[in-house]
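Peer 1: build me a model from this:
(chains A, B, C and D)
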Number of protein chains: 2
Amino acid sequence: MAEPEDSASRADRAAGDIRSLLISGGLVPGQRLSETALGETLGVSRNTLREAFRELTSERLLTRRPHAGVFVAVPGLSSIIDIYRVRRIVEGQALGTASPGHPAGARMHTAVESAADSAAAGDWVAVGTANMEFHSAIVALADSVRLDRLYANISAELRLAFGLLDDPEYLHRPYVERNTHVLGLYDGGDSAGAAAALDAYLVHSERTVLAAYSRRIPR
Amino acid sequence: MAEPEDSASRADRAAGDIRSLLISGGLVPGQRLSETALGETLGVSRNTLREAFRELTSERLLTRRPHAGVFVAVPGLSSIIDIYRVRRIVEGQALGTASPGHPAGARMHTAVESAADSAAAGDWVAVGTANMEFHSAIVALADSVRLDRLYANISAELRLAFGLLDDPEYLHRPYVERNTHVLGLYDGGDSAGAAAALDAYLVHSERTVLAAYSRRIPR
DNA sequence: ACACGCATATCGTTGAACAATAGCTATCAG
DNA sequence: CTGATAGCTATTGTTCAACGATATGCGTGT
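Peer 2: All right, here's what the predicted structure looks like:
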């Protein structure tokens, strides 16, 4: 990756830092983010931090409660359902109508291999990351920067939700094989079949996540 | 509509004001937005205005050039292409897989009627607005708040692009009939046919806009 | 146990200040 | 006359301090 750590504005860097804390688990869903405290930690002023908050709030990673502060978003069941609805529409179309030989195919391959390696090593959160990269590559087949961005946001939200669940092996293990299967169909030129397999994948994954989710968080 | 003009934060209201100025033509693409001047106009401080800028920049309505200021975005050909790509994917799936009797159907009807009325009155920009509402209702068929928001952003961008073009009659007239046709197919239960007609619609519209666009703005 | 009212810390917003820099302008060499 | 260079200036990027507004917790009383 590039290193935009000093070229970007301070608010942009703060937003990136917060994003990193979110995926690393340094900030957990529901947690309140004090402007002064977090500003001091990140080394930015309150106003600058507020700009970062704006950005992250519009990405649904943070939630703003007026006069009470900003909180790390707690994805609810409705969010999960909505996210999977978007995924089925976007990923399905992207994979089903992709032109053969698209450069994103390479990304899909490396992601699948990386997932297999991590699975062999037993590192299930790395498997989860690789799986997400696989699906991000699928969306990239559509060649749309706007869909890419939408999907990046959705992935971050989903990571937040996964963070609420334990047992990452149960969450990610079944899908490395399914991803391989989808990739095989796509490579074989059967885009429609690949899309159908992907749809089944997503239905299964949504059901699993929803079940684990409602088990953990009532309502 | 509701009246959230005093409940929302000042930055939110400022962002809304700027959005209104963008669609009303009070701000034109390429124009530079001075922080002090615009802040005085909207009655907010520089810091608050900057928060609004963050939000609108993340929606691609404004562009930030470091140390040079924020500018009203100038949608390029690549943006138009990208937007129509998203529209075909999202609208097509939403319409093609919609469950019958969805409440958004009513929105589609009122939008088509409103477009017809405005067309009879010769108010072509109102026709454009009604047409956009029609397509927004189509996206609402998917029942996804995330897709709704994506589409709202895209619509705003598209309005920006349309603002660069003159001759709104040429841009919007052909589509009131096409929308009626699509709606007829959908009402008749032929979702697949409606989706196909819609896709043809979008291909035609994209071609028209791109042609007018490259005629007006070289490169 | 519950409702009510107060206290306080935090948010929301402003204004001023200063460093950094992009873009203009005037100068000057060729 | 053209082009490059150096300096000026207005604007942005960022911080800090201040103050009103309000959500939340605590204590009181019933």
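
Peer 1: any idea which element the residue nearest the centre of chain A lies in?
Peer 2: The residue lying closest to the centre of chain A (C-alpha atoms, centre = their mean) is residue A:155, at 1.7 Å. Taking DSSP states H and E as the criterion, residue A:155 maps to helix A:145-164.

Peer 1: residue A:185 - that's part of a helix, no?
Peer 2: Yes - under DSSP: H, G, I helix; E, B strand; the rest coil, residue A:185 sits within a helix.

Peer 1: wait, it sits on residue A:200?
Peer 2: No - taking contacts as C-beta atoms under 8 Å, residue A:185 lies outside contact range of residue A:200: 11.6 Å. (Each C-beta comes from the backbone N, C-alpha and C, glycine too.)

Peer 1: mind listing what the residue nearest to the centre of chain A touches?
Peer 2: By C-beta atoms under 8 Å, 6 or more residues apart in numbering or on different chains, the residues touching residue A:155 are A:132, A:135-136.

Peer 1: need the residues of chain A near DNA strand C, please.
Peer 2: By C-beta under 7 Å from any atom of the strand, the residues of chain A that approach DNA strand C are A:33-36, A:46-47, A:50, A:64, A:66-70.

Peer 1: what is the nearest of the residues you listed to chain B?
Peer 2: Minimum distance to chain B across those is 4.9 Å, recorded for residue A:47 (C-beta to the nearest C-beta).

Peer 1: hang on, the closest one packs against residue B:47?
Peer 2: Yes - using C-beta under 8 Å, residue A:47 is in contact with residue B:47, at 4.9 Å.

Peer 1: and the average pLDDT for the longest helix seen in chain A is what?
Peer 2: In chain A, with assignment by DSSP state H, the single longest helix is helix A:191-216. Taken as a whole, helix A:191-216 has a mean pLDDT of 91.

Peer 1: just want the angle from that helix to helix A:145-164.
Peer 2: Angle between the axes of helix A:191-216 and helix A:145-164 is 40 degrees (criterion: axes from the mean of the first three to the mean of the last three C-alpha atoms, to 10 degrees).

Peer 1: tell me the buried residues in helix A:191-216?
Peer 2: Across helix A:191-216, burial judged by 16 or more other C-beta atoms under 10 Å in any protein chain shown covers A:191, A:193-199, A:201-202, A:205-206, A:209, A:212-213.

Peer 1: repeat for stretch A:33-40
Peer 2: In terms of neighbour count (16+ other C-beta under 10 Å), stretch A:33-40 has its buried residues at A:33, A:38-39.

Peer 1: mind listing which of these are in helices?
Peer 2: Per DSSP H, the subset of those in helices is A:38-39.

Peer 1: quick one: distance of stretch A:19-38 to the chain centre.
Peer 2: Chain-centre distance of stretch A:19-38: 17 Å, with C-alpha atoms, centre = their mean, to the nearest Å.

Peer 1: and the most far-flung residue of chain A relative to its centre, helix, strand or coil?
Peer 2: Centroid-distance maximum for chain A: residue A:67 at 29.5 Å, with C-alpha atoms, centre = their mean. When classified by three-state DSSP, residue A:67 comes out as coil.

Peer 1: tell me the pLDDT at it?
Peer 2: Note for residue A:67: predicted pLDDT of 94.

Peer 1: lovely, talk soon.
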